[in-house]
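In: Here is a sequence together with a model predicted from it:
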Amino acid sequence: MKERNWFVTNWKEILKAIALLVVIIGAFVFGKYVLKVSFSVKWKLWLAVVLGELSYLYSVTFLVAGVFAALGGFDEKHRVSLAGLGTAIVLVGVATIIQLAFWGVVLSCTKALIAIAVTLVIVSIPIVCFLLRRL
């Protein structure tokens, strides 16, 4: 009975530890994929690894914030608030743009720039709606 009581009282800390472990494992996996890219000079590889890890951490931060904004957008009657949904779209769009910009530069892919432009249009729709509603 004491074991169950310990789990119930500490479930928030356990959840935080699991989330941190998932982020750390994700960073290692992301770095592994970046190391597979071939570069002509060794310092470019390590620069890509460092900037890739930073882009991964920023993307995860914005993605988690977007999920919490979407979940926080519900009211007490379980209806979706447009402000919460718009904030979630913007935050997840920023995470997508960060990843597309990183991989577009590392892999010299021009299609990533087109995807960034499409994502910017999608992200700008809630921002424009919010600004027009304020007028």
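Out: Now that the structure is in, tell me what you want to look at.
In: what's the longest helix in this protein?
Out: Determined from DSSP state H, the single longest helix within the chain is helix 42-72.
In: tell me what that one is packed against?
Out: helix 11-35, helix 82-106 (3 or more Cβ pairs under 8 Å, 6 or more residues apart in numbering; DSSP states H and E). Yep, even glycine has a C-beta here, placed from its N, CA and C like the rest.
In: Could you identify which of the ones you listed is most buried?
Out: Ranked by mean neighbour count, the helices and strands packed on helix 42-72 are led by helix 82-106 with a mean of 19 (mean count of other Cβ atoms under 10 Å).
In: Select the helix or strand of this structure having the lowest average pLDDT value.
Out: helix 2-9 (a mean of 69; mean pLDDT, DSSP states H and E).
In: OK, contacts around residue 124?
Out: If you count contacts by Cβ atoms under 8 Å, 6 or more residues apart in numbering, residue 124 has none.
In: Work out the gap between the longest helix of the chain and the centre of the chain.
Out: Helix 42-72 sits 6 Å away from the centroid of its parent chain (Cα atoms, centre = their mean, to the nearest Å).
In: Buried residues, it. List them.
Out: By neighbour count on 16 or more other Cβ atoms under 10 Å, the buried set for helix 42-72 is 45, 48-49, 52, 55-56, 59-60, 62-63, 65-66, 69-70.
In: between it and helix 82-106, what angle do the directions make?
Out: 170 degrees (axes from the mean of the first three to the mean of the last three Cα atoms, to 10 degrees).
In: Okay, now the unreliable bits of this structure?
Out: Under the criterion pLDDT under 70, the flagged ranges of the chain are 1-4, 75-78, 80, 135.
In: Nice, that's everything, thank you.
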